[in-house]
Each structure stands twice: as structure tokens, then as C-alpha cells.
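*Asks:* pasting the sequence and the predicted coordinates here, then a few questions.
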Amino acid sequence: NQQVILKDYVNGLPKESDMLLKTSSTILLKLPKGSNGVLVKNLYLSCDPYLCCLMSKSQVSHLESFTPGSPIAGLGVAKVVDSGHSNFKKGDLVWGWTGWEEYTIITAPDALFKIQHTDVPLSYYIGILGVHGMTAYYGFHEICAPKKGEYVFVSAASGAVGQLVGQFAKLTGCYVVGTAGTNKKVELLKNKFGFDEAFNYKDEQDIDEALKRYFPEGIDIYFENVGGKMLDAVLLNMKTNGRISVCGMISQYNLNEEEGVRNLSHIIMKRLHMKGFIVGDHFNLYPKYMEMVIPLIKEEKICYIEDIGEGLESAPAALLGLFSGKNVGKQVVVVAHE
Ligand code: NDP
């Protein structure tokens, strides 16, 4: 059983050398007698920015830090190999919280979702059909209550969540501008995901100026993935009664002290509604979301781009690549093909 192990707690941004690829000769093909868990063969793993936060001992996430010496854990798609739980049987395809390893025993399978639609790529269940889709849906539709004709700005716009926010905004009839860190991503935003405009924030001396160029009348809705300087510039350009959905702040996750945001007083003057959320609190809406998104995928009214790493050995670099913008689209790692 090959595993990706956290060597020790990390301070700041982890390095590849903080993770170790370990191979043990024991391969579990059956659950221990009496177990009411589920033994799964992992197929796809999701690389997510918050996993790096969980490598630190003192972190603010609602999830527990990883234990040094144990495998990294995260969202994945897997196949049931053996089951002691009445809801699952051998051969079922599932998605949920699993280990960065070939085989995992999931002791609390209540949190696993059974995969219903297999005529779409299975990896979608750790992207558009899973947490990232729900994040875009909840953060955009439920928090921002968008209306046709409104002006929307999305940061980290080509990523797992951002590409969906842009497409949901277009389907709602909004005017959408996205920003990303390479020209290739900017092209994707405009030509693949249908954003009205897009720019490379790394090419801009002054993000405030860029926003004034793209939003001469101001921004109604900002979908926040980045934080720091980006948020500061956006606050200067929000319209009165604008809404900010605070989904993530990737630029701040691995700093020992968060950067100061200078323009917070605009929240008062402009009567902004700014709300953070944790998508896991809102999975009661998952069936409603699936009902909406499955037809959109099948009718090709929405698309989803993935960046796929091959093999567990590619996982540490794929994870860290999120912080330098190496991923183009949702970062997935294939552990095994079904
Ligand atoms: P992405 O697929 O968007 O990958 C991260 C991207 O962030 C990179 O590709 C890079 O793109 C950009 N980025 C990295 N560092 C910086 C930086 N310093 N400044 C600006 N941009 C940066 O990730 P996800 O879509 O999975 O996640 C997006 C955000 O949503 C994250 O902040 C994540 O933590 C959050 N999230 C929150 C959830 C919730 O429940 N609230 C659930 C899921 C995700 P580029 O090339 O454009 O710079």
C-alpha cells in the first residue's frame, strides 16, 4: 500500500520534502473481522489549498490537523473493495473523505456519498459534482442572490471553484470579469468559460486601476478566492449595497501574519454585505444542486476543466502547485484507473 505521509508539522507553506512517499508491503484486501467500516481502493484524489493549512499544528480550520507519520487525507473518489456497513457493498463507487494512499479503511462511512451518475467522468465528484461545485453554487447563488445584468468579479477565476462561478454568473445573465495569473488562463476564461472579460493580475501594476477599467460603474458582486491586496483593491470598486462572498483567501493561508487590508471601511460607507461560509454546512442543498447541474453538463451548457496528475507520487507537487498557480483548472491526482 503506497501512501503519502506527513513527516512533521509545518510552519508556513509546506515543501515537497515535508511529505514522504512510503510503500508498505501489506496490502489490505479484506476488512478486519467485525468492522462496520468500508475498505476502499482510491481512484482520484482532490488537491485543495486547505490541506496545506492542516499540516500546521496551530491552524484555524474547523478540521483537525494531520498527524505526523500518518497519510495525508482529503476528498477522493474510490471503489468499495469490502464493506461491513449495510449501505455499501463491494463494487460501489463512492466519494468523500479518504486517505492519500492506494487503499483506505473508512471507519465512519456515513459521510461517504454513493455515486449515482457514472456517465460523466468520475473525477467530477471531487470537482463540479462535489464540494467545489457546491461551493460555487452556494457562495454565488445563496450568498450573493445575483440578478440579471449585475456586474460580477471573480478572483482565481480559472480554478476549481472560480471557473464554475463565472459560468453560473453568465447563465444568470450577469456581466462577468475574471482574473487569473497567466495569459493561458486568461484565454480560457474568455474563450472556454465565456467570461465577458478577463485579465492577468500579475501583469497589472495597480489592480485598482485595472478594476476601474473593467468596471467603470463599479462591482455588484465579488466572489473572493484570494484575499490580501486583491480584496483591498476590490473594496475600492464595490458599488453601494454590493455583495462579497468570502469563499477563500489563498494569498493569506501560509503567512505567519495576515497582510493588512486597508480599505475595510468601505464596507460601512458602501453598505456592503460580506459573508464567509464553509460549504460543508450547506450540504442539505446538494440534491437541489445536482438536479440543476447534471442537465447543464449533459446539455453541454457548462464545462469543467481539470488538471490531472498521474500517480500518488505526483500528489505533493500537485498540491503545492496550487500556491504558485501551476494548476490549470481543478487539480486532481489519479491513483488508479477503475
Ligand atoms: P484553485 O483551483 O483556484 O487553485 C488555487 C489558485 O489560486 C491557483 O491556481 C492560483 O491561480 C491562485 N493563487 C494561488 N496563490 C495566489 C496568490 N498569492 N494570489 C492570488 N492568487 C493566487 O483552488 P480552488 O478553486 O480549489 O479554491 C479557491 C478558493 O476557494 C481557495 O481559497 C480555497 O481555499 C477556497 N475554498 C473554500 C471553500 C469553502 O467552503 N469556503 C471550499 C473550497 C475551496 P492564479 O494562476 O490565477 O494565480
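*Replies:* Happy to help now that I have it.

*Asks:* now the longest strand seen in the chain: mean pLDDT?
*Replies:* In the chain, with assignment by DSSP state E, the single longest strand is strand 73-83. Average pLDDT, strand 73-83: 97.

*Asks:* again with stretch 50-66
*Replies:* 91.

*Asks:* list of residues touching it?
*Replies:* 6, 9-14, 18, 72-74, 253-254, 278, 280, 319-320, 323 (Cβ atoms under 8 Å, 6 or more residues apart in numbering). For glycine as for every other residue, the C-beta is placed from the backbone atoms N, C-alpha and C.

*Asks:* out of these, list just those in helices.
*Replies:* Leu319, Leu320 (DSSP state H).

*Asks:* out of the contacts of stretch 50-66, which touch the ligand?
*Replies:* Applying Cβ under 6 Å from any ligand atom to the contacts of stretch 50-66, one finds that Ile278, Phe323 fall near the ligand.

*Asks:* got a ChimeraX select line for the buried ones in the contacts of stretch 50-66?
*Replies:* Only the buried entries of these go into this ChimeraX selection, using 16 or more other Cβ atoms under 10 Å:
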select :6,9,10,14,18,72,73,74,253,254,319,320,323
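
*Asks:* residues near the residue lying closest to Leu21 once chain neighbours are set aside, how many?
*Replies:* In space, and not counting its chain neighbours, Leu21 is closest to Glu313: 5.4 Å by Cβ to Cβ, 6 or more residues apart in numbering. Residues lying near Glu313 (other Cβ atoms under 10 Å) number 12.

*Asks:* give me the distance between Glu313 and the ligand.
*Replies:* 21 Å (Cβ to the nearest ligand atom, to the nearest Å).

*Asks:* coming back round to it: list the strands paired with the longest strand of the chain, with their directions.
*Replies:* Here strand 73-83 is paired, per DSSP bridges, with strand 38-46 (antiparallel), strand 93-99 (antiparallel).

*Asks:* how many neighbours does Tyr222 have?
*Replies:* Neighbours around Tyr222, by other Cβ under 10 Å: 26.

*Asks:* Glu257 too?
*Replies:* Glu257 has 6 nearby residues by other Cβ under 10 Å.

*Asks:* surely it is within a strand?
*Replies:* No: assigned with DSSP: H, G, I helix; E, B strand; the rest coil, Glu257 falls outside any strand and is coil.

*Asks:* what's Lys270 sitting at in phi/psi?
*Replies:* phi -90, psi 10 (degrees, to the nearest 10).

*Asks:* wait, Val176 sits on Pro146?
*Replies:* No: using Cβ atoms under 8 Å, Val176 is not in contact with Pro146, being 9.9 Å away.

*Asks:* identify the contacts common to those two.
*Replies:* With Cβ under 8 Å, 6+ apart as the test, Val176 and Pro146 both reach Val152, Ala169.

*Asks:* okay, those two: which has more neighbours?
*Replies:* More crowded of Val176 and Pro146, by other Cβ under 10 Å: Val176, with 27 against 23.

*Asks:* could you report the pLDDT at that one?
*Replies:* 98.

*Asks:* ok, it to the ligand distance?
*Replies:* Val176 is 15 Å from the ligand, by Cβ to the nearest ligand atom.
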